[in-house]
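**Q** Pasting the sequence and the predicted coordinates here, then a few questions.
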There are 2 protein chains.
Amino acid sequence: MAYEGRLFAALADPTRRAIFERLAERRHSVAELARAVPVSQPAISQHLKVLKEARLVRDEPDGARRIYSIDPKGLGPLRRWLDRFWDDQLAAFTVAVEDKDDQ
Amino acid sequence: MAYEGRLFAALADPTRRAIFERLAERRHSVAELARAVPVSQPAISQHLKVLKEARLVRDEPDGARRIYSIDPKGLGPLRRWLDRFWDDQLAAFTVAVEDKDDQ
DNA sequence: TACCTTCATAAGCCATGATTTATAATAAGC
DNA sequence: GCTTATTATAAATCATGGCTTATGAAGGTA
């Protein structure tokens, strides 16, 4: 309920969204992501740290590698935050339409 | 379809989310927002500019004032972006549960 | 042991952005 | 026309954040 900030901040960066979208397709090691996304490996690690703290990704060890994947429940708070405004928005939309009819 | 970036960036700032949530309840003039949110009036105007460019709010003149309200369709792209991952996430969740059963 | 791979962290740099004060522009009321 | 209220913009400051290179730690392999 106070996680929206971290979620929005994590997803605001285009590189981080690229990483997240890659992981949504399949799991990746850090090196795989570094090959796929045009930034250095340390940059990838730093982005993964942010995504992990936002609970958007998980990691698990695999020998010397570390496999990152999407945290299934990660986008839940974002969706709930969005739903808070969904009804309000529909109402506002209705009002907007009525306002237009007035003209 | 390329607006997610602006949307996430706009909503990443806590002050901007506070403004957006106030507007979700009812329309406000700039001065009203400046009284409700603990930043200066120019800061409010600048935040409103960002929110407007992200198509999250609208404004209309009312004499010397300017009334800001939520743009009804503003969160649409965000919801669509979210839905892109919803099925993926459910699948990932299923896999995660199965993986746990394996242990 | 030595070597190679993989990853995370530290340090430094640079750009962006959130904020403030000052100021200009527009509208309303006297 | 003058003053007041309301809002937007300009300029300056300061903090944050994303990126790089360098380095160290941990695992695998000969």
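**A** Everything's here; your move. Numbers count the residues shown, from 1 in each chain, chains lettered A, B, ... in the order given.
**Q** List the buried residues of stretch A:74-88.
**A** For stretch A:74-88, a neighbour-count test (16 or more other CB atoms under 10 Å in any protein chain shown) marks A:74-75, A:77-79, A:81-82, A:85, A:88 as buried. All C-beta atoms are positioned from the backbone trio N, CA, C, and that covers glycine.
**Q** my guess is residue A:29 contacts residue A:65, does it?
**A** Yes - between residue A:29 and residue A:65 there is a contact at 4.5 Å, judged by CB atoms under 8 Å.
**Q** what subset of the buried residues of stretch A:74-88 is also close to chain B?
**A** When contact is defined as CB under 8 Å from any CB of the partner chain, those meet chain B at A:74-75, A:78-79, A:82, A:85, A:88.
**Q** Helices of chain A, residue ranges please.
**A** Assigned by DSSP state H, the helices in chain A fall at A:4-12, A:14-25, A:30-36, A:41-53, A:76-102.
**Q** do the first one and DNA strand D meet?
**A** Yes - counting by CB under 7 Å from any atom of the strand, DNA strand D has neighbours in helix A:4-12: A:9, A:12.
**Q** what distance separates that helix from the middle of the whole chain?
**A** In terms of CA atoms, centre = their mean, to the nearest Å, the centre of helix A:4-12 is found 7 Å from the chain centre.
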